[in-house]
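Chemist: return atomic coordinates for the entry below.
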Amino acid sequence: MIVNAELFVKDLPGQLVGSLEPISLLDGNIVEVVHNRERIINHRICINVTFEMEDKEQLCRLKDVWRSKDIIISRLGSVYQTYSMEYMLIGNFDGGMIEDMMKEAGQTISLDATDIRYSSKAGTSVRRTAMIAAKTRSEEDLDMLDRFLDEKCKEADITYVRGV
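Modeler: You can find the predicted model right below:
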């Protein structure tokens with residue numbers, strides 16, 4: 001699992017190393033460290049560290065070590081990778097139809113986030129353009145979304161462009 005932690009350590013020499021060393025000692029792999037000397041609270045400096053750990057048991061042991069070293073854990077959470085894609089739809093539709101389509105997609109596909117924007121032309125023409133930005137938690141879900149949108153757009157005679 002990938003974890004991100006925001007820690008506050010005393011502003012003393014060796015505290016940065018002292019906060020990172022337990023991660024390695026518990027077989028963790030440090031991915032990124034930001035030592036923010038500009039963010040000081042109660043004479044403690046903020047450290048943001050992203051790391052990989054095998055399981056939750058190791059993470060619990062790490063938290064115990066940090067507490068024993070008087071390191072304040074401000075925030076601790078899992079990080080996960082997302083896969084994003086953008087789509088453009090062109091055709092005769094309204095915003096409700098596109099939102100319903102994405103709601104239906106979300107019932108079978110693990111969508112992490114979606115952003116839908118569409119044009120609203122005045123006049124007699126109902127031809128519109130919609131931009132959809134979607135994030136999923138796996139490549140398989142992204143492939144399923146591609147197939148879903150392709151099928152729904154064919155049914156509704158909407159032009160579908162992937163990867164805008």
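Chemist: quick check, central residue of this protein?
Modeler: The centre of the chain sits closest to residue 82, judged by Cα atoms, centre = their mean, with a distance of 5.5 Å.
Chemist: quick one: that residue and residue 54, what's the gap?
Modeler: Applying Cβ to Cβ, to the nearest Å, the value for residue 82 to residue 54 is 22 Å. For every residue, glycine as well, the C-beta is placed using N, CA and C.
Chemist: OK, contacts around residue 54?
Modeler: Counting by Cβ atoms under 8 Å, 6 or more residues apart in numbering, residue 54 touches 1, 27.
Chemist: let me redo that: residue 89
Modeler: Residue 89 neighbours (Cβ under 8 Å, 6+ apart): 98, 129-130, 132, 149, 153, 158-161.
Chemist: and those, which are buried?
Modeler: Among the contacts of residue 89, those buried by neighbour count (16 or more other Cβ atoms under 10 Å) are 98, 130, 132, 149, 153, 158, 160.
Chemist: wasn't the fifth one part of a helix?
Modeler: To tie it back to what came earlier, the one meant is residue 153. Yes. According to DSSP: H, G, I helix; E, B strand; the rest coil, residue 153 belongs to a helix.
Chemist: need the contact list for it.
Modeler: Residue 153 neighbours (Cβ under 8 Å, 6+ apart): 89, 91, 159-160.
Chemist: spit out the contact partners of the nearest residue to residue 31 once chain neighbours are set aside.
Modeler: Once flanking residues are discounted, residue 31 sits nearest to residue 50: 4.5 Å by Cβ to Cβ, 6 or more residues apart in numbering. Applying Cβ under 8 Å, 6+ apart to residue 50 gives the contacts 2-5, 30-33, 79.
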